[in-house]
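1. Provided below for reference: sequence and predicted model.
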Amino acid sequence: MRDLYAEVTNKIIAALEAGTPPWIRPWSGELDRFPTNAGSK
């Protein structure tokens with residue numbers, strides 16, 4: 001059986017170890033300091 005939680009955790013750990021925080025939008029290269037709601041902005 002596939003363990004989705006383990007897969008996501010492993011991807012996050014790999015990104016952190018590579019020096020790329022997963023919370024940075026790849027298209028902007030900046031930290032998301034003020035998260036926004038997609039529906040209400």
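-> Received, thanks.
2. can you map out the helices along this protein?
-> Taking DSSP state H as the test, the helices found in the chain are 4-17.
3. Could you list the low-confidence segments of it?
-> For the chain, the stretches flagged by pLDDT under 70 are 21-35, 41.
4. Please tell me how far Thr36 sits from Thr20.
-> 22 Å (CB to CB, to the nearest Å). Using the backbone N, CA and C atoms, a C-beta is placed for each residue, glycine as well.
5. And these two? Which one has more around it.
-> Thr20 (11 against 8; other CB atoms under 10 Å).
6. measure the more buried one to Asn37 for me?
-> Per CB to CB, Thr20 is found 25 Å from Asn37.
7. What is the burial count for Glu7?
-> 10.
8. wait, Ala15
-> The number of residues packed near Ala15 is 14, by other CB under 10 Å.
9. What distance do you get for it to Ala6?
-> 15 Å.
10. do the same with Ile12
-> To Ala6, Ile12 is 11 Å away according to CB to CB.
11. So which of the two has more stuff around it?
-> Between Ile12 and Ala6, counted using other CB under 10 Å, the more crowded position is Ile12 (13 against 9).
12. any idea how far that one is from Ala18?
-> For Ile12, the distance to Ala18 - CB to CB - is 11 Å.
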